[in-house]
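*Asks:* Turn this into a model:
(2 chains)
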Amino acid sequence: DTAVSQTPKYLVTQMGNDKSIKCEQNLGHDTMYWYKQDSKKFLKIMFSYNNKELIINETVPNRFSPKSPDKAHLNLHINSLELGDSAVYFCASSQRGFTTDTQYFGPGTRLTVL
Amino acid sequence: QKEVEQDPGPLSVPEGAIVSLNCTYSNSAFQYFMWYRQYSRKGPELLMYTYSSGNKEDGRFTAQVDKSSKYISLFIRDSQPSDSATYLCAPPQGGKLIFGQGTELSVKP
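*Replies:* Below you'll find the predicted structure:
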């Protein structure tokens, strides 16, 4: 059983389109995250949710909108895609969202904007 | 200046070598230090973590923190081809991980 899963694994789309990435965790964790890994491999937090409530909202364009329908799911919707959005997006979860909690990452979604 | 800096490599070593991976940070508020390992086209996974200064050993891996110089090291003894991955230094703060760029390691048989 995959602990943190993401769909799709690959996403290729045209500039200007709207797309969504879905994430699910079966670990019973309270906190979920979205990270973005750029072409230079830098991983940076975008958002985190604790029990469906937005906790962390980094400086991310408002074209990115996370949604957590329940604590096991965290989706990422991106409007008006731009070339610079091309990256690998990782979902992660942790038990309570404490600073020292281990974060468990999904396999990533590789987004390519043409 | 980024909060966490690592030499991106790539670092190539022969099997059995001792590997030293290093990380520097600028934020004195960091209390915990985590090392994540990321295999190619996979998500990062926690390798080990340490608190404050000193050494922590886990099998072939040793993490070392020197808070006075804001310097963190990860040593791998008897390196194996299966250790080939990117190693990410990631002190957590405020519920999020602050990642370095990672060092790509290749262990040749």
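
*Asks:* and residue 73, what pLDDT?
*Replies:* No chain in the question, so chain A it is. You'll see A:H73 listed with a pLDDT of 97.

*Asks:* think we crossed wires, I meant chain B
*Replies:* What the model reports for B:S73 is a pLDDT of 95.

*Asks:* That one in helix, strand or coil?
*Replies:* Here B:S73 is recorded as strand under DSSP: H, G, I helix; E, B strand; the rest coil.

*Asks:* Isn't it up against B:F61?
*Replies:* No - look at B:S73 against B:F61 with CB atoms under 8 Å: they stay out of range, at 10.9 Å. C-betas here are computed from N, CA, C, even on glycine.

*Asks:* What segments of chain B are strands?
*Replies:* For chain B, applying DSSP state E gives strands covering B:4-5, B:11-14, B:19-25, B:32-38, B:45-51, B:54-58, B:61-66, B:71-76, B:85-89, B:92-93, B:96-97, B:103-108.

*Asks:* wait, chain A
*Replies:* Secondary structure of chain A (DSSP E): strands at A:4-7, A:10-13, A:19-25, A:31-37, A:43-50, A:53-57, A:64-70, A:73-78, A:87-94, A:104-105, A:109-113.

*Asks:* Which of these has the lowest mean pLDDT?
*Replies:* Of all those, mean pLDDT reaches its minimum on strand A:53-57 (a mean of 91).

*Asks:* Any chance you could list what contacts it?
*Replies:* The contact list for strand A:53-57, computed with CB atoms under 8 Å, 6 or more residues apart in numbering or on different chains, reads A:T31, A:Y33, A:I45, A:F47, A:S48, A:Y49, A:P66, A:S68, A:G97, B:G94, B:G95, B:K96.

*Asks:* could I have it exported to CSV, CA atoms only?
*Replies:* Taking Å, rounded to 0.1, in the frame of the first residue of the first chain, the C-alpha atoms of strand A:53-57 are listed here in CSV:
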residue,chain,number,x,y,z
GLU,A,53,-7.2,24.1,7.7
LEU,A,54,-4.6,26.1,5.8
ILE,A,55,-1.6,26.6,8.1
ILE,A,56,1.3,27.6,5.8
ASN,A,57,0.9,29.7,2.7
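
*Asks:* Show me which positions of that strand end up buried.
*Replies:* For strand A:53-57, the neighbour count (16 or more other CB atoms under 10 Å in any protein chain shown) marks A:I55, A:I56 as buried.

*Asks:* burial of residue 88, as a residue count?
*Replies:* Since no chain was named, I'll use chain A. Using other CB atoms under 10 Å in any protein chain shown, A:V88 has 19 neighbouring residues.

*Asks:* Hmm, no, I was thinking of chain B.
*Replies:* Close neighbours of B:L88, defined as other CB under 10 Å, add up to 27.
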